[in-house]
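>>> A predicted structure for the sequence below; I have some questions about it.
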There are 2 protein chains.
Amino acid sequence: MEIAEILNFHKLKRTSCREEILEVMMASKQALSESEIRDRLNGHYDRTTFYRSFKTLEAKRIIHKVVIDNLPVKYALGNTLKPKKKHAHFFCKDCNSVECLNDTPIPTYPLPQGYTYSDTEIIIKGSCAKCNQ
Amino acid sequence: MEIAEILNFHKLKRTSCREEILEVMMASKQALSESEIRDRLNGHYDRTTFYRSFKTLEAKRIIHKVVIDNLPVKYALGNTLKPKKKHAHFFCKDCNSVECLNDTPIPTYPLPQGYTYSDTEIIIKGSCAKCNQ
DNA sequence: ATATTTTTGCATCATTGTTGCATATGAAAC
DNA sequence: GTTTCATATGCAACAATGATGCAAAAATAT
């Protein structure tokens, strides 16, 4: 998948920072935090720039936030070109990795009288295959 | 329910800070953050003291953390005297309130090969009855 | 190549949450 | 009631995440 194509498709300017963020994220099976991405790019960009890029990419749903406990927010790839179904996330409490469970869809839950639904987050915690070896 | 009893039951010292935190929490139907509790107590205690008290109360499961997005962590009452079942939480995106959905238990989800399960967090977002009026 | 819009970098700031250490306090022993 | 001892608290300091304003730089369209 061409990164330039993704940005064009969503009518975003092809800036090197956005391209490199997506490159790093596509190379990773796990969701990554700002500092993890910054490390992988050898601090080539300013922290502020990352945060703003995340916001832009998130607004287009190219990436989505995953928040586990009060750890730094991580980002995972979403609708790069095609839409991706809403799904649960797995958190490995041993290696702190986060990944999308694309096959675990979100069921609907009953709510009390008068409440309206908009969204659900499901975080499943445990140990990943690597850590269980 | 006597607050002193709760602390005694869990073999915790009855300090005024712990008692007042529990008082505020029992008077609230919603989960509260450190700053919300501090405000309700007119800043009577140091921020650090609150954080340490939360940790202590959480270790005994008298309260439990609820983390929504990257908002400040909120705390809800848990096993004050009797154990409370693991449950989902509701987040009102209009008034930012968080409450326990005690009747929404946590189902089990299938995990990939080699993964082991330990815990699940379910956050249901929407608008509460008050905000829907 | 130029103009225009958008991004970026830098400085600065706010907030949350933590830690070390001296002092104060609670509970138990006398 | 006083003393003792463990534990909680307050204070100072710190680290990290995340946001904002503004000038400089870069991307696209002309």
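It's in.
>>> can you pull the pLDDT of the residue nearest to A:P112 when sequence neighbours are not counted?
Of all residues not flanking A:P112 in the chain, B:A129 sits nearest, at 6.9 Å (Cβ to Cβ, 6 or more residues apart in numbering or on different chains). All C-beta atoms are positioned from the backbone trio N, CA, C, and that covers glycine. On the pLDDT scale, B:A129 is placed at 96.
>>> residues contacting B:A129?
A:P112, A:Q113, A:G114, A:Y115 (Cβ atoms under 8 Å, 6 or more residues apart in numbering or on different chains).
>>> tell me the residues of chain A that contact chain B?
Neighbours of chain B within chain A, by Cβ under 8 Å from any Cβ of the partner chain: A:65, A:67-70, A:73, A:88, A:90, A:93, A:101, A:103-104, A:107, A:109-129, A:132-133.
>>> residues from chain A in reach of DNA strand D?
A:7, A:13-16, A:33-35, A:47-48, A:51-52, A:55, A:72-73 (Cβ under 7 Å from any atom of the strand).
>>> tell me which entries of these lie within strands.
Mapping the residues of chain A next to DNA strand D onto strands (DSSP state E) picks out A:S33.
>>> of the residues of chain A next to DNA strand D, grab the buried ones for ChimeraX.
Remark: buried members of the residues of chain A next to DNA strand D, expressed as a ChimeraX selection using 16 or more other Cβ atoms under 10 Å in any protein chain shown:
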select /A:7,33,34,73
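>>> residue contacts, the closest residue in space to A:P83 that isn't next to it in sequence?
Spatial nearest neighbour of A:P83, excluding adjacent residues (Cβ to Cβ, 6+ apart): A:R61 at 7.8 Å. The contact partners of A:R61, by Cβ under 8 Å, 6+ apart, come to A:G78, A:N79, A:P83.
>>> and A:R61, that's in a helix?
No - looking at A:R61 with DSSP: H, G, I helix; E, B strand; the rest coil, it is coil, so not inside a helix.
>>> mind checking the backbone torsions on it?
The phi and psi values for A:R61, taken as degrees, to the nearest 10, are phi 60, psi 20.
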